[in-house]
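Colleague: one predicted model, sequence on top.
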Amino acid sequence: MTAAIRIDSIDAAVDYVLDKIPGEIVLGIPLAIGKPNPFVNTLYRRIKANPARKLRIITALSLERPVGKSELEQHFLDPLVERVFEDYPDLEYVKDLRGPGLPPNIEVCEFFMKTGDYLGNEPAQQNYISTNYTFVARDMELMGMNVMAQAVAARETEGGLRLSLSSNPDVVLEVMEKFRARKTPIIAVGVINHKMPFMPNTADVSPDFFDVVVTDPAGTHTIFAPPNNKVTAADYAIGLHASSFVEDGGTLQIGIGSLGDAIGQSLIVRDRHGAEYRTILETLCPDGLDGRSLGRFDQGLYGCSEMFVNGFLRLIEAGIIRREVFNDVTLQTLLNTGAIADAKVTPATLKALLDAGRIHSPLTQADLDFLTRFGIFKPGVALKGDHLVFDGVPLPNDLRGEAQFDAVCKILLGARLQGGIFMTGGFFIGPRDFYERLRTMPPQELAHIDMTRIDFINQLYGSEDLKRAQRAKARFMNTTMIATLGGAMVSDAFESGQVVSGVGGQYNFVAMAHALPDARLIMMLRATHDNKDGLRSSIVFSYGHVTIPRHLRDIVITEYGVADLRGRSDSECIKRMLCIADSRFQDELLKQAKDHGKLAKDYEIPEQYRQNLPEVLEARLHPWTEAGLLPDFPFGTDLTDDELRMVRALKKLKHASHHPSEFLLMAVRALFEEKPVPKAYLERLGLDDAHSFKDLLVRRLFANNVG
């Protein structure tokens with residue numbers, strides 16, 4: 001590894017890349033917030049202006065400041081976007097891809113897209129790469145990647161400049177390892193963004209990890225920070241059910257968005273309000289609470305997830321994510337079995353390691369390094385000849401003799417195991433306060449969070465014994481769009497082939513859930529979806545495309561309950577899925593199953609599952625919303641109270657626009673009535689000085705829907 005070249009200008013860094021690579025540039029950049037947008041935009045503009053050069057970008061989850069689809073939405077969003085996203089620079093290839101199109105000499109290939117954003121976009125659909133997250137480094141090499149660029153955090157230390165891969169050590173570590181081992185030519189560019197949180201442990205690298213380090217202040221900008229979404233009654237019902245399958249002392253993986261927040265808040269309610277938690281679940285579970293976990297988290301949980309999200313940080317702050325794991329198989333196994341009681345170092349700790357054969361008597365240098373690394377011995381213990389030396393005091397290097405063992409323990413033992421990790425993540429994304437809390441977290445707390453390689457997190461291959469020991473009682477929680485009665489899951493695309501998002505890491509977590517003996521897969525979906533085509537069931541008899549085949553079925557959760565499908569026959573799976581479907585669609589689904597010979601002709605859905613309706617669910621959870629246990633925004637929001645009122649009204653209008661009869665009724669009422677609304681709301685939306693019939697009608701429609 002040669003010393004990195006430091007360049008203080010983004011333009012000069014782009015010049016360097018263009019000079020070093022005379023042919024096509026194949027640029028790999030991380031998914032989500034790890035992209036060095038100013039560098040990418042400069043390179044993009046330069047090649048766009050020069051048809052003789054070619055550029056291919058390989059990436060995922062290219063984020064864009066929110067843009068209103070209507071004039072009304074634009075008026076509302078403009079002040080909010082300026083306040084929340086500040087100087088975040090949009091990626092110019094995203095703007096072109098969604099607008100006039102990319103120039104013919106530039107191609108963008110993504111393996112995961114922002115949900116639903118590229119439906120109908122032919123270039124994006126045609127250049128989508130369907131692959132597992134764990135295969136991305138391999139696929140980048142296959143596609144001829146020759147430049148890797150990433151936004152990094154920076155810190156001056158006594159030893160000089162250190163860099164952190166921050167949000168995205170997920171792929172770059174494996175990429176550089178593969179490329180350099182095979183001597184495949186590549187230029188690695190690190191662009192310092194001082195607003196990126198400096199994450200320690202695996203993410204902390206020398207500047208020489210990169211070939212080029214860009215120190216231009218223009219590389220620093222606001223990190224993309226999506227505001228928290230409202231957690232609905234349906235979200236909470238799903239989250240409450242899911243939280244009751246999490247075992248104390250276990251491992252947790254969850255995703256982003258309102259469902260992730262719902263799970264996080266449900267776990268907090270379970271831990272802090274046990275009686276109320278049980279009562280809430282009893283109202284949601286007509287078949288009782290057998291098999292559910294309802295107790296407090298006395299041991300705590302270990303978070304291991306490709307995405308480290310706000311919900312995880314809140315669980316850390318609530319003291320629920322706190323089960324430490326250690327990067328040693330024997331040590332971790334002894335902790336799992338109770339042979340080592342806890343993280344407090346005692347003579348029993350040393351004896352257990354000796355009995356297990358992890359250390360020897362006399363101790364070798366490797367043994368001493370291990371004991372010092374994990375805090376079992378105090379720092380500064382040295383091995384000299386046949387003695388251990390600490391602060392000039394020699395001790396016989398003998399752990400078998402009782403007196404010698406006691407002397408070693410009295411003088412050399414540390415107080416607590418060191419190097420424990422309670423949160424492992426591959427990348428992160430969250431609201432503004434999430435980043436700020438990471439930036440200001442005390443170092444001793446931040447040390448328990450390890451942002452690391454995705455090939456470590458998303459699969460068991462490689463260090464398998466260690467991963468199995470760490471991931472005890474794992475619960476892998478994933479969302480899906482559509483589920484079949486047989487238990488297949490549709491998560492990435494429609495049967496037309498149109499890609500909604502991507503496979504990402506979902507298949508890997510499904511595979512792990514079946515490979516680990518005490519793990520469970522929890523697939524979550526809302527029972528219905530409503531769009532311009534009308535209300536549809538998210539549970540269907542069959543579907544022409546699946547992401548997860550039915551032979552990998554396990555636990556499926558909707559807002560109406562839980563279907564445990566593991567090891568069940570097809571008919572039993574179908575019966576259980578029918579019980580968690582929306583009741584407005586149950587009869588048709590039942591008929592289809594019978595028509596295809598998958599259910600007995602005389603089977604009927606039990607009556608207690610015939611009230612799976614939104615209004616019933618709302619009524620059951622409403623008291624707990626009023627009591628403050630299930631708030632709309634459990635982890636806060638960037639929106640003001642006035643903005644929340646306006647959003648609710650705009651959402652009602654948008655929903656009505658997809659349902660002509662509903663919109664007509666709303667419009668007729670608006671012709672005869674206009675409810676009073678704060679003038680500031682109308683000014684914000686450009687409706688305060690409405691004159692045309694259309695604008696006057698829109699103003700009344702909006703005013704009448706402000707709660």
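Modeller: Nice, thanks for sending it over.

Colleague: assign residue 128 to helix, strand or coil.
Modeller: What DSSP: H, G, I helix; E, B strand; the rest coil gives for residue 128 is coil.

Colleague: skipping adjacent residues, who's closest to it in space?
Modeller: Taking C-beta to C-beta, 6 or more residues apart in numbering, and ignoring the residues beside it in sequence, residue 128 has residue 499 as its nearest neighbour in space, at 4.8 Å. (Glycine included, C-beta is placed from N, CA and C.)

Colleague: just confirm the one you found contacts residue 493, I think it does.
Modeller: Yes - with contact defined as C-beta atoms under 8 Å, residue 499 counts as touching residue 493 (4.6 Å).

Colleague: how near is the residue nearest to the spatial centre of the chain to residue 540?
Modeller: Centroid-nearest residue in the chain, with C-alpha atoms, centre = their mean: residue 307, separated by 2.8 Å. In this view, residue 307 and residue 540 are 27 Å apart by C-beta to C-beta, to the nearest Å.

Colleague: same question, residue 295
Modeller: Counting by C-beta to C-beta, the separation of residue 295 from residue 540 is 37 Å.

Colleague: same check, this time on residue 290
Modeller: Separation of residue 290 from residue 540 (C-beta to C-beta): 29 Å.

Colleague: next one: residue 55
Modeller: Taking C-beta to C-beta, one finds residue 55 at 41 Å from residue 540.

Colleague: give me the more crowded residue out of those two.
Modeller: More crowded of residue 55 and residue 540, by other C-beta atoms under 10 Å: residue 55, with 23 against 19.

Colleague: confirm residue 530 sits in a strand?
Modeller: Yes - Residue 530 forms part of a strand when assessed by three-state DSSP.

Colleague: which residues sit in contact with residue 137?
Modeller: Contact analysis of residue 137 by C-beta atoms under 8 Å, 6 or more residues apart in numbering lists 171, 174, 175, 178, 455.

Colleague: an error on my part: the question was meant for residue 161.
Modeller: 154, 155, 207.

Colleague: what about the residues you listed, which are in strands?
Modeller: Among those, the ones falling in strands (DSSP state E) are 154, 155.

Colleague: and of the contacts of residue 161, the nearest to residue 675?
Modeller: The closest of these to residue 675 turns out to be residue 154 (C-beta to C-beta; 53.5 Å).

Colleague: how many other residues sit next to the closest one?
Modeller: Residue 154 has 20 neighbours, counted by other C-beta under 10 Å.

Colleague: got a pLDDT number for it?
Modeller: pLDDT, residue 154: 98.

Colleague: grab the nearest non-local neighbour of it.
Modeller: Nearest to residue 154 is residue 192, by C-beta to C-beta, 6+ apart, at 4.6 Å.

Colleague: name every strand pairing with the helix or strand where residue 107 lies and say which way it goes.
Modeller: Taking DSSP states H and E as the criterion, residue 107 maps to strand 106-110. According to DSSP bridges, strand 106-110 forms sheet pairs with strand 55-59 (parallel).

Colleague: which residues touch whichever helix or strand comes after the partner strand?
Modeller: Per DSSP H and E, the first helix or strand lying C-terminal to strand 55-59 is helix 71-85. For helix 71-85, the external contacting residues (C-beta under 8 Å, 6+ apart) are 65-68, 222, 224-225, 227, 432, 638-639, 643, 646-647, 650, 653, 684-687, 698, 702.

Colleague: now do the same for residue 668: its pLDDT.
Modeller: pLDDT, residue 668: 81.

Colleague: buried residues, whichever strand or helix holds it. List them.
Modeller: Assigned by DSSP H and E, residue 668 belongs to helix 660-672. For helix 660-672, burial by neighbour count (16 or more other C-beta atoms under 10 Å) applies to 666, 670.

Colleague: what do you get for stretch 276-286?
Modeller: Those would be 277, 280, 281, 284, 285, for stretch 276-286 by 16+ other C-beta under 10 Å.

Colleague: next: stretch 216-236.
Modeller: By 16+ other C-beta under 10 Å, the buried positions in stretch 216-236 come out as 216, 219-221, 223-236.

Colleague: and what of stretch 254-274?
Modeller: 254-271.

Colleague: show me the residues you listed that map onto strands.
Modeller: Reading strands off the buried residues of stretch 254-274, I find no matches (DSSP E).

Colleague: so which of these sit within helices?
Modeller: The members of the buried residues of stretch 254-274 that map onto helices under DSSP state H are 258-271.

Colleague: need those residues in CSV with distance to residue 591, can you?
Modeller: Putting those into CSV (distance: C-beta to C-beta, whole Å) gives the following:
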residue, distance to residue 591
258, 33
259, 30
260, 36
261, 37
262, 33
263, 34
264, 39
265, 38
266, 35
267, 39
268, 42
269, 39
270, 39
271, 44
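
Colleague: so, low pLDDT: which residues of the stretch 601-707 of the chain?
Modeller: Scanning the stretch 601-707 of the chain for pLDDT under 70 picks out no residues.

Colleague: show me where it has helices.
Modeller: 614-626, 641-657, 660-672, 679-684, 693-704 (DSSP state H, counting those that start in this stretch).

Colleague: coming back round to it: quick check: phi and psi on the residue nearest to the centre of the chain?
Modeller: Dihedral angles of residue 307 (phi, psi; degrees, to the nearest 10) stand at phi -110, psi 120.

Colleague: sweet, I'm off.
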